[in-house]
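J.: sequence and predicted structure, then a few things I'm wondering about:
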Amino acid sequence: MSIFEAGMLICFGLSWPVNIYKSIKSRTAAGRSAVFLCLIWLGYLSGIVNKLLYNFDPVFWLYVLNLLMVSVDMVLFCRNRSFDRKKGLV
């Protein structure tokens, strides 16, 4: 297990709850990027596949947790975009 890989995932993982909270409270997708979220999601998915195929260790679960948090943020992005459409902002 790489302590640096785990550290990176922990740091990124600590930022997702903040983004999720902001998405819930703001009720707007303004300033957010669906492409960015999709790329981050694919990156975490790639990390999961790598761990499954080549080097399974406990860091796998950090990838899964981060992927789940990004997935929640993606759902909130879609919800907020719908709110923006109803307000005529998009």
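T.: Yep, it's here. Numbers count the residues shown, from 1 in each chain.

J.: in contact with the closest residue in space to residue 74 that isn't next to it in sequence, which residues?
T.: Computed as CB to CB, 6 or more residues apart in numbering, the closest residue to residue 74 that is not its neighbour in sequence is residue 37, at 5.0 Å. All C-beta atoms are positioned from the backbone trio N, CA, C, and that covers glycine. Applying CB atoms under 8 Å, 6 or more residues apart in numbering to residue 37 gives the contacts 70, 73, 74, 77.

J.: which of those fall in helices?
T.: Counting by DSSP state H, the contacts of residue 37 place 70, 73, 74, 77 in helices.

J.: ok, those residues vs residue 25, which is closest?
T.: Closest approach between the ones in helices among the contacts of residue 37 and residue 25, by CB to CB: residue 73, at 13.0 Å.

J.: looks like the closest one contacts residue 21 (just checking).
T.: No. Contact criterion CB atoms under 8 Å: residue 73 and residue 21 do not qualify, at 10.1 Å.

J.: returning to that earlier point: make TSV out of the contacts of residue 37 and add distance to residue 51 and pLDDT.
T.: Listed next are these as TSV, based on distance: CB to CB, whole Å; pLDDT from 0 to 100:
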residue	distance to residue 51	pLDDT
70	17	97
73	22	97
74	22	97
77	26	97
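
J.: neighbour-wise, which one of those residues leads?
T.: Counting neighbours by other CB atoms under 10 Å, the top entry in the contacts of residue 37 is residue 70, with 24 neighbours.
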